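Peer 1: fold the following.
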Amino acid sequence: MDQLEPTLLVIPLLAVLAPLLARGLGRWVRIPIVVFELLLGILFGPALLGWAVPSEFIGALSEFGLAMLFFVAGSEIDFTAFRGRTGRRAVGGWLISLVAGVGIAWLIWPGQAAIVVGIALCSTALGTILPILRDARELGTPFGKAISAIGAVGEFGPLIAISIFLGASNPGIEAVVLVLFGLVAGLAIWLAFRMPRGAMHRVVNSTLHTSGQFAIRVVFLILSGLVALSIVLDLDLLLGAFAAGIVWRLLMRDADARDREAVESKVEAVAFGFLVPVFFIYTGVTFDLASLLADPLLLLALPVLLVVLLVVRGLPSMLAAPEGSGPRDRISVGVLGATGLPIIVAVTAIGVAEDVMSSAHAAVLVGAGVLSVLLFPLIAMTLRGERRSRVSAPLEDDLA
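Peer 2: Take a look at the predicted model:
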């Protein structure tokens, strides 16, 4: 408790400080809040100031935060984005990324380590990108829909690959287990379609502003149920969280627009006001900066890995850019597609736990993921800056 108590105070303090810093610097440069959460975690963690230290309790909260991040990502998927050209190219681009990632990694770390690295390189941090797109009012645009498709495939695809190739059993058994999970998740989705939503929506509406909060309780029931199922089946818990978000979206699809927005606001408050910041800050706290600083070659590998992310994941992502996109928009799509962190954290943790890679090598991959979150959204949204200014100007005039 002597170590836990200061951390319990420091992390909420950093969670409050991060948006203030983002807002303060927003006059000059738009930096995602997660950037400050990661950097503040590193600064106040054991690597530097040592005011926040790892603990089992905060680690458990961080796992909940990661699960909530993937739940929100699943709940915000626009399935219409997978129709036609965009969906096909998003899937095709991810398959190219997977083959290229494993192939490049195999040249350096032959064996299972190559699979770990390859899965990490072909991921996209949809849960990290979506809040940025939402804040920039890009979610409903063709650009935002393309990024949503790329990110959904870039998170769901690696989760499937993790479950098949990095499970405790052989890939054949894991594939059967994955099919079993898919059947249960499919049943949940079917029930979401068949459930009489009128009665449920009335209960949701009647408890929106009471202590009942039925909608939020149902969210956590669906989330915990599918996450527990994925754990029991020895699959990655993020797969269950992602599926839970899809089920919840289907349940609420016919609700009154105002009620749906109110529920989404409450879910976002729990996610981005509490649990998700804990995950990003704790990722910074537990980041193995000492290993990177101890070996100059590992530090030099960071910019190299950033370039590899752009080549392996960024270039194939550009295939799904909206029709008629100019060079700036295509580059923005590629840079956002190459942004990865949550899957990288998850897959490297599995690699270290199974002695496939060292903690130092995992730190390099996570470090590259951190840098991608720090730099790539900033670069992409700066390239999209002209459009945002055109959109925001009329809004500011209306408010005036």
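Peer 1: switch to C-alpha atoms for all contacts and neighbour counts from now on
Peer 2: Will do.
Peer 1: in contact with residue 45, which residues?
Peer 2: Taking CA atoms under 8 Å, 6 or more residues apart in numbering, we find residue 45 in contact with 51, 52, 53, 284, 285, 286.
Peer 1: neighbours of the first one, how many?
Peer 2: Residue crowding around residue 51 was assessed by other CA atoms under 10 Å; the count is 18.
Peer 1: that one contacts residue 11, doesn't it?
Peer 2: No: under the criterion of CA atoms under 8 Å, residue 51 is not in contact with residue 11, lying 9.6 Å apart.
Peer 1: if I look at the most centrally placed residue in the chain, how far off is residue 311?
Peer 2: In the chain, the residue lying closest to the centroid (CA atoms, centre = their mean) is residue 127, at 3.1 Å. The gap separating residue 127 from residue 311 is 21 Å, by CA to CA, to the nearest Å.
Peer 1: with residue 292 instead?
Peer 2: Shown here: residue 292 relative to residue 311, a distance of 23 Å by CA to CA.
Peer 1: same check on residue 147?
Peer 2: As judged by CA to CA, residue 147 and residue 311 stand 17 Å apart.
Peer 1: have a look at these two and say which one is more surrounded.
Peer 2: When residue 147 and residue 311 are compared for neighbours, residue 147 comes out ahead with 32 against 19, by other CA under 10 Å.
Peer 1: quick one: low-confidence parts of the protein?
Peer 2: Filtered on pLDDT under 70, the chain yields the residue ranges 1-5, 30, 78-82, 166-175, 189, 192-200, 386-400.
Peer 1: so residue 344 touches residue 366, yeah?
Peer 2: Yes: with contact defined as CA under 8 Å, residue 344 reaches residue 366; the gap is 6.1 Å.
Peer 1: so which of the contacts of residue 45 is the most crowded?
Peer 2: residue 285 (29 neighbours).
Peer 1: didn't that residue look like it was pressed against residue 48?
Peer 2: No: Residue 285 is beyond contact range of residue 48, at 9.5 Å (criterion: CA under 8 Å).
Peer 1: secondary structure element for residue 253?
Peer 2: Using DSSP states H and E, residue 253 is not contained in any helix or strand.
Peer 1: the one helix or strand residue 382 maps to - contacts with which helices or strands?
Peer 2: For residue 382, the host element (DSSP H and E) is helix 359-383. Helices and strands touching helix 359-383, by 3 or more CA pairs under 8 Å, 6 or more residues apart in numbering; DSSP states H and E, are helix 33-44, helix 126-135, helix 289-294, helix 296-309, helix 327-337, helix 342-353.
Peer 1: in the helix or strand residue 107 falls within, what counts as buried?
Peer 2: Using DSSP H and E, the element containing residue 107 is helix 84-108. Neighbour counts over helix 84-108 (16 or more other CA atoms under 10 Å) mark 86-87, 89-106 as buried.
Peer 1: so residue 156 is in which element?
Peer 2: Assigning secondary structure by DSSP H and E places residue 156 in helix 142-165.
Peer 1: how far away from the center of its chain is that helix?
Peer 2: Its chain's C-alpha centre and that of helix 142-165 lie 10 Å apart, by CA atoms, centre = their mean, to the nearest Å.
Peer 1: over to stretch 176-193?
Peer 2: Offset of stretch 176-193 from its chain centre (CA atoms, centre = their mean): 22 Å.
Peer 1: tabulate the CA atom coordinates of that stretch in CSV.
Peer 2: What follows is stretch 176-193, C-alpha atoms only, in CSV (Å, rounded to 0.1, in the frame of the first residue of the first chain):
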residue,chain,number,x,y,z
VAL,A,176,-11.5,-24.6,-33.7
VAL,A,177,-11.7,-22.6,-30.4
LEU,A,178,-11.9,-19.4,-32.4
VAL,A,179,-14.8,-20.8,-34.4
LEU,A,180,-16.5,-21.7,-31.2
PHE,A,181,-16.1,-18.2,-29.9
GLY,A,182,-17.4,-16.9,-33.3
LEU,A,183,-20.5,-19.0,-32.9
VAL,A,184,-21.2,-17.6,-29.5
ALA,A,185,-20.5,-14.1,-30.6
GLY,A,186,-22.7,-14.7,-33.6
LEU,A,187,-25.5,-15.9,-31.4
ALA,A,188,-25.2,-12.7,-29.3
ILE,A,189,-25.3,-10.6,-32.5
TRP,A,190,-28.4,-12.6,-33.7
LEU,A,191,-30.1,-12.0,-30.4
ALA,A,192,-29.3,-8.3,-30.7
PHE,A,193,-31.2,-8.3,-34.0
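Peer 1: coming back round to it: find the residues that touch each one of residue 285 and residue 48.
Peer 2: Common contacts of residue 285 and residue 48 (CA under 8 Å, 6+ apart): residue 42.
Peer 1: so which elements touch the helix holding residue 156?
Peer 2: Helices and strands touching helix 142-165, by 3+ CA pairs under 8 Å, 6+ apart, are helix 84-108, helix 112-121, helix 126-135, helix 171-194, helix 237-251, helix 327-337, helix 342-353.
Peer 1: how about residue 49, phi and psi?
Peer 2: Dihedral angles of residue 49 (phi, psi; degrees, to the nearest 10) stand at phi -80, psi -30.
Peer 1: report how many residues lie close to it.
Peer 2: 12.
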